[in-house]
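A.B. asks: following is a predicted model, sequence given first.
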Amino acid sequence: MALLPHPRHAAASIATTVGAAAGNVAHALLYGGLADLRPMPRTLIDDGTRRELYHYRPAAGETPEGDPVLLVTPLAAPAICYDLRRDCSVVEHLVETNRPTYLVEYGEVNFADRSLGIEHWIEHVVPEAIRSVSEHAGGKPVHVVGWSLGGIFTMLAAADYPDLPIASLAVLGSPCDVRQVPLIAPLRPLLNLPPGNLVTTASRALGGAPKPLVRWAFQISSVDKMFTKPVAKLSNLADREFLAQLEAVDRFTDNIIAYPGRTFGQLYHHFFRTNALFSGQIDLGDHAVYLRDVKQPTLVVAGANDGIGPVASVKPLIDLLTGAEELRFEVVPGGHLGLLTGRAARDTTWPLLDEWFAQHD
């Protein structure tokens, strides 16, 4: 048995690789990139203050079946997190599997939004989006999917409004114990400062956390990839899928949105300084919201390589969502964005969601 490839075969393989790399470089230069970044077609069906609700059009000739799915975006992240690129889009997958698919996003945050707090999303944006989706879908209950902070807002809204027409919850990469987030460790001295310190004062003066700061925080969570990216790109010039994914992720990062001033101050205090969510409750001023009041079946998903919501920071939700009718915890491959819409998610997270929806229709 030949253990080494025949020289002729090795030369052919190298030629094929070089040819593919040259073709990818030429395509990127001629057409501006390799990724198909066309958004999935959608229609605005409802809106309000920092709330835009979209319905994605069904596949041609198809009639959607099952209960509708509402995708809840986190603050600061653009809605393209769910529609990253063709062939690697949660939205595209749901539409092609005949799910009635909806998404709520918040638009461009600006200085005029500086007085908005987290209660705006928990008490208004998410509940109103859920009710509107149910009404648009003929009164059906809604499968609500929240990624990152969107998952936290989703849980708190479900806990605060037990009458919402929710079929199930899916919470993806949502940390509840920030002590387990490596990104937070270097900031610990700042987190111990009293309320009214430079952090919150500056955020109010600026109207929020500016986009460059939020973008930097997202990038620093995968700093190892930042340094290895040029080498990885050169090493994978023949891999069209790899290069297309890099382009799509770069576009996502370039479109990071700012945080409103008051919301940023609350996030700093509740989530980072006091780690309040780990206690199972958040104080909204006039009342507290308890995670134990979530009654709907809830799927919690963590990414094995997530730097923003590592497994150890997400897993405590198992002990906090004690009122859920059913609770399931899963770990999937990928980092913070990758667990949602990475190439591996097509064979891991997405089938998991399909199964979960079908089980709770």
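C.D. replies: That came in fine, so what should we check first?
A.B. asks: not counting its neighbours along the chain, what's nearest residue 296?
C.D. replies: residue 166 (4.8 Å; C-beta to C-beta, 6 or more residues apart in numbering). Quick note: C-beta positions are derived from backbone N, CA and C, even for glycine.
A.B. asks: the one you found reaches residue 298, doesn't it?
C.D. replies: No. Using C-beta atoms under 8 Å, residue 166 is not in contact with residue 298, being 9.8 Å away.
A.B. asks: low-confidence stretches in the stretch 1-150 of the chain?
C.D. replies: 1-33, 110-111, 113 (pLDDT under 70).
A.B. asks: where do the strands of it begin and end?
C.D. replies: Here the stretch 1-150 of the chain has its strands, by DSSP state E, counting those that start in this stretch, at 42-48, 51-56, 69-72, 101-105, 142-147.
A.B. asks: please apply the same query to the stretch 251-361 of the chain.
C.D. replies: Using DSSP E, counting those that start in this stretch, strands in the stretch 251-361 of the chain cover 259-260, 281-283, 288-290, 298-303, 327-332.
A.B. asks: may I have the distance across stretch 253-267, first residue to last?
C.D. replies: One end of stretch 253-267 to the other measures 21 Å (C-alpha to C-alpha, to the nearest Å).
A.B. asks: picking that back up, and of the strands of the stretch 251-361 of the chain, who's closest to residue 271?
C.D. replies: Closest to residue 271 of the strands of the stretch 251-361 of the chain, according to C-beta to C-beta: strand 281-283, at 8.7 Å.
A.B. asks: and the closest one, what does it pack onto?
C.D. replies: With contacts defined as 3 or more C-beta pairs under 8 Å, 6 or more residues apart in numbering; DSSP states H and E, strand 281-283 has these neighbours: strand 288-290.
A.B. asks: mind running it again at 10 Å?
C.D. replies: Here strand 281-283 touches helix 149-160, strand 288-290, going by 3 or more C-beta pairs under 10 Å, 6 or more residues apart in numbering; DSSP states H and E.
A.B. asks: what about the helices in the stretch 201-350 of the chain?
C.D. replies: 211-220, 223-235, 240-254, 261-266, 311-314, 317-320, 338-341, 349-360 (DSSP state H, counting those that start in this stretch).
A.B. asks: list of residues touching the fifth one?
C.D. replies: With C-beta atoms under 10 Å, 6 or more residues apart in numbering as the contact definition, helix 311-314 has outside contacts at 151, 171-182, 184, 277-278, 300-306, 329, 331.
A.B. asks: ok, now with 6 Å
C.D. replies: 175, 177, 180-181, 302, 331 (C-beta atoms under 6 Å, 6 or more residues apart in numbering).
A.B. asks: repeat for stretch 272-292
C.D. replies: 119, 156, 159-160, 176-178, 191, 270, 320-323.
A.B. asks: tally of neighbours for residue 173?
C.D. replies: A count of nearby residues for residue 173, using other C-beta atoms under 10 Å, gives 31.
A.B. asks: cool, and the one 3 residues further on?
C.D. replies: Residues near residue 176, counting by other C-beta under 10 Å, number 27.
A.B. asks: wait, it touches residue 319, no?
C.D. replies: No. Judged on C-beta atoms under 6 Å, residue 176 makes no contact with residue 319 at a distance of 9.7 Å.
A.B. asks: mind listing the helices for the stretch 1-150 of the chain?
C.D. replies: Using DSSP H, counting those that start in this stretch, helices in the stretch 1-150 of the chain cover 7-31, 90-96, 118-120, 126-136, 149-160.
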